[in-house]
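A.B. asks: coordinates only, sequence not included:
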């Protein structure tokens, strides 16, 4: 079994994601952390985001805008994606709904990801004017 060394940069990436409420891309994480860690490379950010997602420490989201977004909140929650501005918002739902979904299918669910698409409040208000 391969052991993984501690990485100050990986920890910084994880903490950055856990302290954000948005769902940044790798580029956004890089530009935010580059100020504090000038030696940080974009490749390092991509590699560590991949590692953290594969390890289950973060979520890697494909919301259909052509790039991956990352989420430091790994507890069960729903994502709302605005079809106009592509912002991603977390929606917290009682955990029992996830169990209800798992119980209602014949397959063994390992992970349940729910994404709702529509217009956010800001975009909806703009479209009414």
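C.D. replies: Yep, that arrived. Just so you know, these numbers come straight off a predicted model, no measurement behind them. Numbering: from 1, shown residues only.
A.B. asks: For the longest helix anywhere in the chain, which residues meet the burial criterion?
C.D. replies: The residue-count maximum for a helix in the chain (DSSP state H) belongs to helix 42-54. Neighbour-count burial for helix 42-54, counted by 16 or more other Cβ atoms under 10 Å, picks out 44, 45, 47, 48, 49, 51, 52, 53. Quick note: C-beta positions are derived from backbone N, CA and C, even for glycine.
A.B. asks: same question, stretch 83-97
C.D. replies: Under 16+ other Cβ under 10 Å, the buried positions of stretch 83-97 are 86, 88.
A.B. asks: quick one, what contacts residue 98?
C.D. replies: 76, 112 (Cβ atoms under 8 Å, 6 or more residues apart in numbering).
A.B. asks: Where does it sit: helix, strand or coil?
C.D. replies: helix (DSSP: H, G, I helix; E, B strand; the rest coil).
A.B. asks: on that earlier part again, spatially, which two of the buried residues of helix 42-54 are the most separated?
C.D. replies: Using Cβ to Cβ, these span at most 14.8 Å, a distance reached by 44 and 53.
A.B. asks: hey, which helix or strand in this protein has the poorest pLDDT?
C.D. replies: helix 96-103 (a mean of 79; mean pLDDT, DSSP states H and E).
A.B. asks: which secondary structure elements does the helix or strand that it is followed by contact?
C.D. replies: Beyond helix 96-103 in the direction of the C-terminus, DSSP states H and E gives the next helix or strand as strand 114-118. With contacts defined as 3 or more Cβ pairs under 8 Å, 6 or more residues apart in numbering; DSSP states H and E, strand 114-118 has these neighbours: strand 78-82.
A.B. asks: and the strand it packs on, how far from the chain's centre?
C.D. replies: Its chain's C-alpha centre and that of strand 78-82 lie 11 Å apart, by Cα atoms, centre = their mean, to the nearest Å.
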